[in-house]
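below: sequence and its predicted model.
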Amino acid sequence: MERRGDYGYDAPYGLVTFAVLGAASAIAAIVSWWSQRGHLTAIMGFYGAFFLTNAFSFLYTTRRGKFQVWDNVLDELQLRGDERVLDMGCGRGAVLTAVARRLRTGRVTGIDLWSTHDQSGNSHEVTMRNASLEGVGDRVEIETGDMRALPFPDGAFDVVVSSLAIHNIHPNAARAEAIAEAWRVLKPGGRLAIADILATQRYARTLSNLGATGIARRRLGWRFWYGNPFAATSLVTASKPVSA
Ligand SMILES: C[S@@+](CC[C@H](N)C(=O)[O-])C[C@H]1O[C@@H](n2cnc3c(N)ncnc32)[C@H](O)[C@@H]1O
């Protein structure tokens with residue numbers, strides 16, 4: 001699917017750090033080789049390759065990989081097209097607009113605090129512009145707010161999604177508040193799909209304590225690595241029982 005919007009770069013300082021360390025190590029390796037210091041050449045060559053590989057992986061994920069993976073995740077959700085969907089920490093709208101493309105009479109709401117540390121050029125206006133460029137502006141609503149205190153009534157949404165957003169909250173207890181909020185605004189019978197690095201096991205535990213059913217957690221593969229397997233993204237899916 002061709003994208004017309006501009007979705008910036010996730011955690012831009014992380015990407016720049018990998019690129020700078022990679023370039024500096026590579027230059028040091030070349031200088032060491034020139035001055036015939038074989039041992040240092042090997043060490044600096046290793047670090048150069050390591051950091052540059054991390055930088056390329058990060059760049060690939062943020063510009064391409066996460067879009068492909070979310071397309072598959074949303075296909076698996078098999079939306080009918082009439083749902084009310086919430087995207088927590090929507091940023092510039094990578095997932096938001098992909099959801100909107102799958103809706104006909106439904107609507108998707110994005111909420112965000114617009115941190116430019118977490119995503120470059122992040123803003124309400126940019127996200128609305130991306131929705132228009134993708135031809136889905138009529139199906140998208142954007143709110144400014146904190147996902148730990150969602151400004152929506154209980155049971156307002158059929159589906160809640162979130163991508164790479166909740167880990168930005170500290171500490172773990174506050175992340176649990178965001179999960180509890182996602183649960184609160186979900187309708188009985190509704191579904192959750194949360195992709196994140198770091199804390200997904202805790203999200204699954206919190207959901208279990210809240211009474212979620214069908215909780216599943218799986219890794220989303222190398223297309224969603226932010227540099228290396230230690231920064232791999234996992235997906236937690238769950239449902240709210242109809243009787244909840
Ligand atoms: C790495 S970006 C991911 C954005 C988008 N989901 C995507 O996949 O492109 C993380 C987003 O979470 C947002 N965010 C961080 N803490 C938040 C909070 N407490 N409430 C709402 N949004 C938050 C940031 O502003 C940022 O837009």
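Arrived safely, thanks for sending.

so residue 174: helix, strand or coil?
Secondary structure, DSSP: H, G, I helix; E, B strand; the rest coil: residue 174 is helix.

and it, how many neighbours?
Neighbours of residue 174 under the rule other Cβ atoms under 10 Å: 13. All C-beta spots, glycine's among them, are computed from the backbone N, C-alpha and C.

now the helix or strand harbouring residue 217: how far from the chain's centre is it?
Using DSSP states H and E, residue 217 falls within strand 213-219. In terms of Cα atoms, centre = their mean, to the nearest Å, the centre of strand 213-219 is set 17 Å apart from its chain centre.

can you check stretch 212-225 too?
Remark: stretch 212-225 is offset 12 Å from the chain centroid, using Cα atoms, centre = their mean.

do the same with stretch 62-82
Worked out by Cα atoms, centre = their mean, stretch 62-82 lies 12 Å from the chain centre.

endpoints of that stretch, how far apart?
Criterion Cα to Cα, to the nearest Å; first-to-last residue distance in stretch 62-82 is 29 Å.

kindly report the same for stretch 111-121.
End-to-end span of stretch 111-121 (Cα to Cα): 16 Å.

flag every buried residue along it.
For stretch 111-121, the buried set under the neighbour-count rule, 16 or more other Cβ atoms under 10 Å, comprises 111, 112, 114, 118, 119, 120.

ok, now which ones touch the first one?
If I follow you right, that is residue 111. Residues near residue 111 by Cβ atoms under 8 Å, 6 or more residues apart in numbering: 86, 87, 88, 89, 90, 142, 143, 144, 145, 147, 150, 151.

and with 6 Å instead?
Taking Cβ atoms under 6 Å, 6 or more residues apart in numbering, we find residue 111 in contact with 143, 145.

gap between the helix or strand encompassing it and the chain center?
Per DSSP H and E, residue 111 falls inside strand 107-112. How far strand 107-112 lies from its chain's middle: 14 Å, per Cα atoms, centre = their mean.

that one: what's the following helix or strand?
Per DSSP H and E, the first helix or strand lying C-terminal to strand 107-112 is helix 124-133.

and that next one with the ligand, contact?
No - shown here: helix 124-133 not in contact with the ligand (Cβ under 6 Å from any ligand atom), separated by at least 8.9 Å.

kindly report the same for stretch 143-153.
Yes - shown here: stretch 143-153 in contact with the ligand (Cβ under 6 Å from any ligand atom) through 146, 147, 148.

now do the contacts for the first one.
It stands for residue 146. residue 113.

for residue 65, which non-adjacent residue is spatially closest?
Among residues not flanking residue 65 along the chain, residue 223 sits closest, at 3.4 Å (Cβ to Cβ, 6 or more residues apart in numbering).
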